[in-house]
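Participant: Give me coordinates for this.
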Amino acid sequence: MALSPPPSHGVILFAHGSRDPLWRLPIEAVRERMAATQPQVLACCAYLELCQPDLTQAVQHLCDQGVRSITVVPMFLGTGKHAREDLPHLVDALRVAHPTIDLTVQAAIGEDPRMTALMADIAGAHPPSL
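Facilitator: The predicted structure is shown next:
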C-alpha cells in the first residue's frame, strides 16, 4: 500500500487567547472537526496572547510538517483592532521569515455570510426545555 504524501496546505485557526483553559475548547473543537472531515488539510490553533502556541510557533509547526501554503483564519466575530492591525503585522513578519511559504489571511470568521446565517438560526431557535 502506498503512503499518502504529507498535506501541502495548512490552516491556522487564530484566536485571541485567554488565561481560562476552558475558553480554548470551542477553537480546538473546530480543529478536531477539520481533522476528522478534511484530513488532507493540516489544521492547528494559534493565539494572539495569554496562551500557546502563538502564530509564529504554529507557522513553524506547519512548516516542519512539510506544508507549503498556509491560510490563517481569524476566529473573531468581526474585524476589530486585532484582525485589522495586529494580525497583518504578524503575518508580514512571518512572510519575511518564511519566504517560500504561501501565507494568506481570510476575513474574520464572523463576517462570513454563512456564519451570520448560522448564528441567526441558533439565536432564533427555541431553547430546549430543561
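
Participant: Could you use CA atoms for every contact and neighbour count after this?
Facilitator: Noted.

Participant: Determine the next helix or strand in the C-terminal direction from the lowest-mean-pLDDT helix or strand in the chain.
Facilitator: For the chain, counting by mean pLDDT, DSSP states H and E, helix 81 ranks last in confidence among helices and strands (a mean of 85). Read in the C-terminal direction, the helix or strand following helix 81 is helix 87-97, with elements assigned using DSSP states H and E.

Participant: Can you list the buried residues in the next helix or strand after that next one?
Facilitator: Scanning forward in sequence from helix 87-97 by DSSP H and E, the next helix or strand is strand 102-105. When burial is assessed from 16 or more other C-alpha atoms under 10 Å, strand 102-105 yields the following buried residues: 103, 105.

Participant: Any chance you could list what contacts strand 102-105?
Facilitator: 68-74, 91, 95 (C-alpha atoms under 8 Å, 6 or more residues apart in numbering).

Participant: and the residues you listed, which two are the farthest apart?
Facilitator: For these, the maximum inter-member distance is 19.6 Å, found between R68 and P74 (C-alpha to C-alpha).

Participant: tell me what the least confident helix or strand of the chain is packed against?
Facilitator: Here helix 81 touches no other helix or strand, going by 3 or more C-alpha pairs under 8 Å, 6 or more residues apart in numbering; DSSP states H and E.

Participant: what's the offset of that helix from the middle of its chain?
Facilitator: When C-alpha coordinates are averaged (C-alpha atoms, centre = their mean, to the nearest Å), helix 81 and its chain have centres 17 Å apart.

Participant: thinking again about what came up before, out of R68 and P74, which sits in the busier spot?
Facilitator: Each of R68 and P74 had its neighbours counted (other C-alpha atoms under 10 Å), and the higher figure belongs to P74 (24 against 17).

Participant: Good, we can wrap up now.
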